[in-house]
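> I'd like to go over a predicted model; first the sequence, then the structure.
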Amino acid sequence: MPPRSRVAPFILLAVATLAGCERRGGCTGSNCGTIVMASIAEPATLLPPSSEDVVATDIDEQLFLKLADVGMSTNTVGDEDFQPLLAQRWEWDGPLTLVFHLDPRARWQDGQPVTAADVEFTFDAYTDSAVASPFRPKLRRVASVTQRDSLTAVFRFRERYPEMFYDAVYHMRILPAHLLRSIPREQWKTAPFGRQPVGDGPFRFVRWQSAQSIELAADSTFFLGRPGVRRLIWRFTPNLQVGVTQVIADEADVREQLVTPENVARARAAPQLTLYPFRGNVYTYLCFNLRANGDTSQPHPIFGDREVRRALTMAVDRAKLVKSALGDLGKVPPGPISSLLWIWDPEIRQLPYDTAHAARILNARGWRDHDGDGVRDKNGQPLAFRILVPTTSVLRQQYARLLQEQYRAIGVHVDIDAVEFAVVVQRVGSGNFDTAVLSRGNDPSPGSGITQSWTHGGFGGSNFGRYYNPEFERLVDRAIASPTRDQARRFWQAALETINADAPGVFLYSLENIAAVHKRIENVQIRPDSWAALLRTWRIPPDRLIDRDRVER
Amino acid sequence: MTAWLVRRLVASVAIVFAVVTFVFILIHAAPGEPCIGQTGEIPDPVVCAELKQQFGLDQPLPVQYWRYLVALAHGNLGYSFSHHRWVRDDLADTIPFTLQLAGAALLLDFLLGLGLGIYQAGRVNRVPDVLLGNATLFIYSLPTFWLALILLLVFAEKLGLFPVGGPNDPILCPVVDSLYCVADRIWHLALPATTLGLVGAAGTARFQRAAMLEVATQDYVRTARAKGVPERRVVLRHQLRNALLSFITRFGLAFPFLLTGAVLIETIFAWPGMGRLAAEAILARDYSVVTATALIASTVVVLGNLLADILLGVADPRLRVRHGSDADVVTA
């Protein structure tokens, strides 16, 4: 027997050899692919009514079906562009009644059929305050959902409007009543179902390893057709850089958003990756608090004045900021919208970049540099404010510094408060801020996001700056009520020009997304509002399979 | 000895209680909204208020503290509102990973540190000692996160010798159920454990060198040499054994270092341990998780120091007498 000191290297060698070996599996067919996503956040739950975060939505897309879904056009008006999913067909039974006929082939993954009772149960759950679903406000115009027979669900609306169909199908994923009915609604958040869901989608749940990964397997009996790959894995990493590095190092196949030009350059240099640009659904803006910092009953001494807000907007060269910070990855938004929305139109009138005009306005409003210190002042008060920005976003911090510099050039002093995201949420929510660099996501309907963030209805909610203009709200209401896209577009344009003229914030950029996807993956279709919505159509041809595709367990 | 041990245990419980109370008050007093979860999106304040009401976070702090203590007395660590699950489940998932990382780092720290310290002491002021002394000082001076990033960049991204992050291959080894997967885990553990262990080993080497040199001038070492005992035996039997007292002290002090270091290392290497859990919970203001991780960490640190004191007593009979006579134990 060799002495102990001589055994150790052999043990190490054996371990190293084992680790270095690839375990080859035998799958060689056309459905062998495995796609690994590098995800920078982990969902809190996969229970659809409670899962608002992006990754949970991506995974739920594979597990739980909607009745129908928007098409690649992301048109939300009417029903002609919607694709059937659980509902095989639908018809209008009068102006306020929508009837869905479920596909009789649809099954829950425990073998039970999907029925109209599930649809009725789902609506009841989404609108139950005990569930506290973030989607509840979006269903406020649906009066009831009932079952006519086991495969027919009837939606009744409170009023007639162009996006009735969208509201009926987009926000709710149908839930299995037979598995959830017995669980008290207050206990849904802690129920095991949220971490071991049983769905009716193209993939079924396999395992969730906390802080590591979630694995789904293709349901080969899926009634709308077998998915193109057999396994999906979301790997969770704590930050974007690690996620991007995993894709570049070929440890993952998809990073759906690269976010910065540097990451795009890194991914472009990786030979195994293909880049897919698609419209972003987020816009970022410098939000002016129109009410006094910490006191919503008083106007803000600076931002309460519409003319000063306009001057401060004209003082910002947004195009230059986008170019220097984002390059081709961003666009200047023509209002509080992302490029996802069909109302996006660069021709919408906006305040120009004009520092001379801005200076004239400030002079006229009494903001002059009386003491020669380089900062304008009025009645002894300097024209100074603070920008609140989360430390979690390097990009937004960079923007805050660039804004600070541009404002300095016209005699406005800016301090930056870079704080944790939780602090931003608290201060913005309670009105304790002057300005903040905020990002908002849009769903495909312009109505819901703009109403929540920029109308009186959003006071105490997402209208953080407390902007209010009755004319703007009238135009928004008319746009939402317009029966056709063309009519709606005119009202949206007028509404956006109104809010642009009021300058409740500086609309800084709308991110254009670029996804990095492994080259061996074919038929990559990305729907802009939800990049993972069509994952079931992605496929890997047999001749491009790599080891991780073939692995059998 | 028993009375001393009981007193130390009571004191340990008091320290842990004080730490947890302090953390509870501090995290609740810190500004920030406790309902952001993992989304990164600004939540609707209305939904936020509903969630706070559901979890009792709208109650006055003394009421929340009392409820926390009552729950704790029943073994309930609370509910994580950012993960939608019980905190005990979060801890059950993450603690094994932290133990693996800390264990591997501790092993590297002490084996390498001890070896280097002994080697240097045997060649004091000669070239190897000077070179190693400067090298260990250099490594000891490096910020752990910086070293981690460099190792990640060089060995994972550029050379591709080690994985970028995570504890395992999610396809081949989602669970450790074979020898291959044990090797896979070790492969994934290599960079984070090396980062943590290397910095620790540099410190241990310097401590051990100093301890060995201090013992080298003792009468019993000189006597052993004078009696013609072989040098190897003098070093290992007479010198090292007595120099181990400082090593045991360092063992007690290693726990806080490993736990605080793990917060950064687990985040950088996507290692799903308790440190990363705590870091994310602090950012999300997930109060129950923060207090629970503080409870576990403070307990480990206190028990680690207690264990070191007991081991010192076992190793050094003089200290054992002092334990018995109520004297304080020398731990530094």
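Great, that's in hand. Numbering: from 1, shown residues only, chains lettered A, B, ... in the order given.

> mind listing what A:D377 touches?
Residues near A:D377 by Cβ atoms under 8 Å, 6 or more residues apart in numbering or on different chains: A:367-371, A:383. Quick note: C-beta positions are derived from backbone N, CA and C, even for glycine.

> which phi and psi does it have?
phi -150, psi 160 (degrees, to the nearest 10).

> so for it, what's the pLDDT?
A:D377 is assigned a predicted lDDT (pLDDT) of 96.

> returning to that earlier point: from the contacts of A:D377, which single one is nearest chain B?
A:L383 (26.9 Å; Cβ to the nearest Cβ).

> ok, back up a step: dump the contacts of A:D377 to TSV, plus secondary structure.
Output for the contacts of A:D377, formatted as TSV (DSSP: H, G, I helix; E, B strand; the rest coil):
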residue	secondary structure
A:W367	coil
A:R368	strand
A:D369	coil
A:H370	coil
A:D371	coil
A:L383	coil
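
> now those: which count as buried?
A:367, A:383 (16 or more other Cβ atoms under 10 Å in any protein chain shown).

> save the contacts of A:D377 as a markdown table, and put in distance to chain B and pLDDT too.
As requested, these are exported to a markdown table (distance: Cβ to the nearest Cβ, whole Å; pLDDT from 0 to 100):
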| residue | distance to chain B | pLDDT |
| --- | --- | --- |
| A:W367 | 30 | 97 |
| A:R368 | 36 | 96 |
| A:D369 | 34 | 95 |
| A:H370 | 36 | 92 |
| A:D371 | 34 | 91 |
| A:L383 | 27 | 97 |
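
> in a markdown table: the contacts of A:D377, plus distance to A:I337.
Putting the contacts of A:D377 into a markdown table (distance: Cβ to Cβ, whole Å) gives the following:
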| residue | distance to A:I337 |
| --- | --- |
| A:W367 | 30 |
| A:R368 | 36 |
| A:D369 | 36 |
| A:H370 | 40 |
| A:D371 | 41 |
| A:L383 | 30 |
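
> between the contacts of A:D377, which sits nearest B:P174?
B:P174 lies nearest to A:L383 out of the contacts of A:D377, by Cβ to Cβ, at 58.3 Å.

> quick check, A:N75 in a strand?
No. Under three-state DSSP, A:N75 falls outside any strand and is assigned coil.

> contacting residues for the residue of the stretch 1-150 of chain B found nearest chain A?
Across the stretch 1-150 of chain B, the shortest distance to chain A (Cβ to the nearest Cβ) belongs to B:G32, at 3.1 Å. Neighbouring residues of B:G32 by Cβ under 8 Å, 6+ apart: A:420, A:422-423, A:425-426, B:285.

> now intersect those with the helices, please.
A:422-423, A:425-426 (DSSP state H).

> B:P43 versus the nearest residue to A:D295 once chain neighbours are set aside, what's the distance?
Leaving out its chain neighbours, the residue that sits closest to A:D295 by Cβ to Cβ, 6 or more residues apart in numbering or on different chains is A:G431, at 7.6 Å. Look at A:G431 and B:P43: by Cβ to Cβ, to the nearest Å, they are 16 Å apart.

> what of A:Y468?
Distance from A:Y468 to B:P43, by Cβ to Cβ: 22 Å.

> neighbour count: these two, which is higher?
Set A:Y468 next to B:P43 and count neighbours by other Cβ atoms under 10 Å in any protein chain shown: B:P43 wins out with 20 against 16.

> could I get the pLDDT score of residue 97?
Using chain A. So A:T97 comes in at 97 (pLDDT).

> oops, I was thinking of chain B
On the pLDDT scale, B:F97 gets 93.

> now do B:L72
91.

> any part of the helix or strand in which it is found near chain A?
Assigned by DSSP states H and E, B:L72 belongs to helix B:61-73. No. Helix B:61-73 does not reach chain A (Cβ under 8 Å from any Cβ of the partner chain); its nearest approach is 14.4 Å.

> so what secondary structure elements neighbour that helix?
Other helices and strands packing on helix B:61-73, by 3 or more Cβ pairs under 8 Å, 6 or more residues apart in numbering or on different chains; DSSP states H and E, are helix B:2-29.

> next, the angle from the helix it packs on to helix B:61-73.
140 degrees (axes from the mean of the first three to the mean of the last three Cα atoms, to 10 degrees).

> which one is the spatially most central residue of chain A nearest to, not counting chain neighbours?
Nearest residue to the geometric centre of chain A (Cα atoms, centre = their mean): A:G441, 4.9 Å. Distances taken as Cβ to Cβ, 6+ apart put A:V282 closest to A:G441, at 5.0 Å, once the chain neighbours are dropped.
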